[in-house]
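> Have a look at this fold, sequence not included:
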Ligand SMILES: O=C[C@H](O)[C@H](O)COP(=O)(O)O
Ligand SMILES: C=C(OP(=O)(O)O)C(=O)O
């Protein structure tokens, strides 16, 4: 069903159609927050906050697929990670990457939320329902959900299920996303830019700590002015940049110094993937181990680590023939497989 466009010579010239979007309250009536999921979200946020503010010396580990593309495979992964989370919980707070909204360098599949059928049909209502259902199911396992904040309307639909979130390298410098981050109830990481700039991530933390007024929607999908309080749990995520990796001690120190100069208490996460691994998943373990080594050597500002991991290693190309896709293999960035994931988490926990 589409909503007819009013004829005009000056507006909507490049709009093909409007279609109704489910409202946040309709979706939440269909898939309400359960007591078990709520307990996971609250405990996950509290654990992340305690680690980021130095009240808990465990490592926050954001682990999971580069992108979700298959419901059952995501649930199978979540079951494994939930069990592993328990085994390492004395040293690590493990939360699952449930990334559904993918920022692209130019064009490409934009994720399970925007295109759940993976064929360009853009069934966002279906993507919203599947996303909320999946986040509920993962949370009910006792496994906190971590996701990237990208679409400005998304928070009202499923961020009651998100324990940790972040802005990606392509949006950390965007004012729209910074002020949106000031509304988010979960701790927020801010990645350095694709060019490698760390200062812009620190600027984003400062911007998001303040209250803002922004365009948004309420639970009934009504356009409204959202007045925010500001997010006090911002931290920097080092993901490397165009000139190479930035997980090594000199960059960690640079990030810590920039946070201190901005009046912030240093709290840094290292993303083992992206430009830190040169997008080669076999290099993620090197980065992971370097982070652990830096922590053991006394770098207290390092509070978190991110690993792109899936049931099976590597990545595959998305084509029109979806039946050709191999199970549990990333369709976006290459991920480490389950065996390496388990080994790295156990190693980090000293098992
Ligand atoms: O995490 C995934 C990708 O690195 C990011 O979304 C950009 O992907 P692209 O450069 O393949 O578009
Ligand atoms: C897109 C991602 O990373 P980045 O923003 O660092 O490219 C991601 O973590 O999925």
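Sure, I can see it. What you are looking at is a predicted structure, and each value in this text was computed from that prediction instead of being measured. Ligands and ions are numbered 1, 2, ... in the order given.
> So residue 190 sits against residue 237, correct?
Yes: under the criterion of CB atoms under 8 Å, residue 190 makes contact with residue 237 at 6.5 Å. Bear in mind the C-beta positions are built from the backbone N, C-alpha and C, glycine included.
> So the two - more neighbours on which side?
Set residue 190 next to residue 237 and count neighbours by other CB atoms under 10 Å: residue 190 wins out with 30 against 26.
> Need phi/psi at the nearest residue to residue 285 once chain neighbours are set aside.
Excluding the flanking residues, the one nearest residue 285 by CB to CB, 6 or more residues apart in numbering is residue 344, at 5.9 Å. Per-residue torsions, residue 344: phi -70, psi -40 (degrees, to the nearest 10).
> Pull the contacting residues for residue 344.
If you count contacts by CB atoms under 8 Å, 6 or more residues apart in numbering, residue 344 has them with 285, 288, 307, 336.
> follow-up on the earlier one: can you list residues touching both of residue 190 and residue 237?
166, 201.
> thinking again about what came up before, among the contacts of residue 344, which lie within helices?
Among the contacts of residue 344, the ones falling in helices (DSSP state H) are 285, 288.
> Identify, from the contacts of residue 344, the entry nearest to ligand 1.
residue 307 (12.8 Å; CB to the nearest ligand atom).
> ok, that closest one touching residue 66?
No: using CB under 8 Å, residue 307 is not in contact with residue 66, being 10.4 Å away.
> With neighbour numbers in mind, choose between those two.
residue 307 (27 against 21).
> Compute the distance between the nearest residue to the more buried one once chain neighbours are set aside and residue 317, please.
Excluding its sequence neighbours, the residue lying closest to residue 307 (CB to CB, 6+ apart) is residue 63, at 4.7 Å. Shown here: residue 63 relative to residue 317, a distance of 24 Å by CB to CB, to the nearest Å.
> cool, and residue 299?
According to CB to CB, residue 299 stands 38 Å off from residue 317.
> cool, and residue 55?
44 Å.
> With neighbour numbers in mind, choose between those two.
residue 55 (10 against 7).
> now the contacts of residue 344 as CSV including pLDDT?
Listed next are the contacts of residue 344 as CSV, based on pLDDT from 0 to 100:
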residue, pLDDT
285, 98
288, 98
307, 98
336, 98
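> Now the buried members of the contacts of residue 344.
The neighbour count (16 or more other CB atoms under 10 Å) marks 285, 288, 307, 336 as buried among those.
> who touches both of residue 307 and residue 66?
residue 273.
> could you give the mean pLDDT of stretch 295-306?
Averaged across stretch 295-306, pLDDT comes to 98.
> Can you list the buried residues in it?
Buried-residue list, stretch 295-306, by 16+ other CB under 10 Å: 295, 299, 301, 302, 303, 304, 305, 306.
> Closest one of these to residue 48?
Of all the buried residues of stretch 295-306, residue 304 has the smallest distance to residue 48: 8.1 Å, by CB to CB.
> how much space is there between the closest one and ligand 2?
With distances taken as CB to the nearest ligand atom, to the nearest Å, residue 304 is found 13 Å from ligand 2.
> Not counting its neighbours along the chain, what's nearest that residue?
residue 269 (3.2 Å).
> What average pLDDT does the host helix or strand of that neighbour get?
Residue 269 belongs to strand 268-271 when assigned by DSSP states H and E. Here strand 268-271 scores 99 as its mean pLDDT.
> Contact residues of this protein facing ligand 2?
66, 99, 103, 148, 168, 169, 170, 191, 239, 271, 274 (CB under 6 Å from any ligand atom).
> Assess the claim that residue 230 and residue 211 are in contact.
Yes: assessed by CB under 8 Å, residue 230 is found in contact with residue 211 at 4.8 Å.
> Who are the contact partners of residue 13?
Applying CB under 8 Å, 6+ apart, no residues contact residue 13.
> before we move on, what about residue 2?
17, 18, 19.
> Ok, residue 36 next?
Counted by CB under 8 Å, 6+ apart, residue 36 has contacts 139, 140, 142.
> Double-check that it belongs to a helix.
Yes: per DSSP: H, G, I helix; E, B strand; the rest coil, residue 36 lies within a helix segment.
> what's the spacing between it and residue 129?
20 Å.
> Run through who's touching stretch 199-207.
167, 172-173, 175, 177-179, 181-182, 190-193, 234-237, 255, 258-259, 262, 264.
> In strands, which of these appear?
167, 190, 191, 234, 235, 236, 237 (DSSP state E).
> Counting neighbours, what do you get for the nearest residue to the fourth one once chain neighbours are set aside?
Once its chain neighbours are removed from consideration, residue 234 has its nearest residue in residue 205; the separation is 3.4 Å (CB to CB, 6+ apart). Look at residue 205: counted by other CB under 10 Å, it has 26 neighbours.
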